[in-house]
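[1] Take a look and give me a structure for this.
(chains A and B)
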Amino acid sequence: AQSVTQLDSHVSVSEGTPVLLRCNYSSSYSPSLFWYVQHPNKGLQLLLKYTSAATLVKGINGFEAEFKKSETSFHLTKPSAHMSDAAEYFCVVSSARGANNLFFGTGTRLTVIP
Amino acid sequence: DAGVTQSPTHLIKTRGQQVTLRCSPKSGHDTVSWYQQALGQGPQFIFQYYEEEERQRGNFPDRFSGHQFPNYSSELNVNALLLGDSALYLCASSLRLAGIYEQYFGPGTRLTVT
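    The predicted structure is shown next:
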């Protein structure tokens, strides 16, 4: 079975400071992992994806995530938060290799303080 | 190039009624997946359609059914509505190529059951 655990339901950072959103996964095989962002009243947008290539994955808007098999983690980071980063972030694992349905975490709400 | 579109945007129904939600995939995509996102939760996979057939299904009762048309658009039908069916219903489309499938999400339909 596949699942993800987002360790923080809410993270608050000051503008210009680093962002860290934590995610641990559980999978019976080598997983495909994703981070999606959801702004209010907007659809989910893919930030980045890990597909068993490089363990450090770069995404859009300066975000990146590192796949650590030994720690079963896939934390999302950004060096400097921007006001526009305030949103809900979801860590996601695919159900099987090449499968097309996704298992979402419960989300982390990021607040950016001016 | 239009992304994934969904209609209607909002819907209010009464318990016991039936509802139909519609989705048009991103141009060039052939696979449509449906997700339910309850308030404060991550999206949960309902089912997926490809080549006009249901290919995968999550843990949802038979009251939830769907259809895919030859033009790849899709409908989600929910019968005998319950208060607990109130949620944001998300449609995602993708292209069934080998490897990892990147899903593009629509803005969702907000269903309220009273």
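
[2] Show the pLDDT at the closest residue to chain B within chain A.
    Using Cβ to the nearest Cβ, the single residue of chain A nearest to chain B is A:Phe104, 3.3 Å away. Using the backbone N, CA and C atoms, a C-beta is placed for each residue, glycine as well. A:Phe104 carries a pLDDT value of 93.

[3] and the residue of chain B found nearest chain A, what is it in contact with?
    For chain B and chain A, the shortest gap (Cβ to the nearest Cβ) falls at B:Gly42, measuring 3.3 Å. B:Gly42 sits next to A:90, A:104-107 when contact means Cβ atoms under 8 Å, 6 or more residues apart in numbering or on different chains.

[4] Now the buried members of these.
    A:90, A:104-105, A:107 (16 or more other Cβ atoms under 10 Å in any protein chain shown).

[5] Mind giving me the packing neighbours of the helix or strand bottoming out on mean pLDDT in chain A?
    Least confident element among the helices and strands of chain A, by mean pLDDT, DSSP states H and E: strand A:102-104 (a mean of 89). Packing contacts for strand A:102-104, counted by 3 or more Cβ pairs under 8 Å, 6 or more residues apart in numbering or on different chains; DSSP states H and E, involve strand A:3-6, strand A:87-94, strand B:31-37, strand B:44-50.

[6] Would you point to the one among the ones you listed that's packed deepest?
    Among these, strand B:31-37 has the highest mean neighbour count (mean count of other Cβ atoms under 10 Å in any protein chain shown), at a mean of 25.

[7] partners of that one, with directions?
    strand B:44-50 (antiparallel), strand B:87-94 (antiparallel) (DSSP bridges).

[8] what does chain B put close to chain A?
    Contact residues (Cβ under 8 Å from any Cβ of the partner chain) of chain B with chain A: B:3-4, B:31, B:33, B:35, B:40-45, B:48, B:50, B:55-56, B:58, B:90, B:92, B:94, B:96, B:98-108.

[9] Which members of those residues are classed as buried?
    Buried among those (16+ other Cβ under 10 Å): B:4, B:31, B:33, B:35, B:42-45, B:48, B:50, B:55-56, B:58, B:90, B:92, B:94, B:100-108.

[10] All the strands of the chain, residue numbers only.
    By default, I'm working from chain A. In chain A, the segments counted as strands under DSSP state E are A:3-6, A:10-14, A:19-21, A:23-26, A:33-38, A:44-50, A:56-58, A:64-68, A:73-78, A:87-94, A:102-104, A:108-113.

[11] that's the other chain; I wanted chain B
    Going by DSSP E, chain B shows strands at B:5-7, B:10-13, B:19-24, B:31-37, B:44-50, B:53-57, B:64-68, B:74-78, B:87-94, B:104-105, B:109-113.
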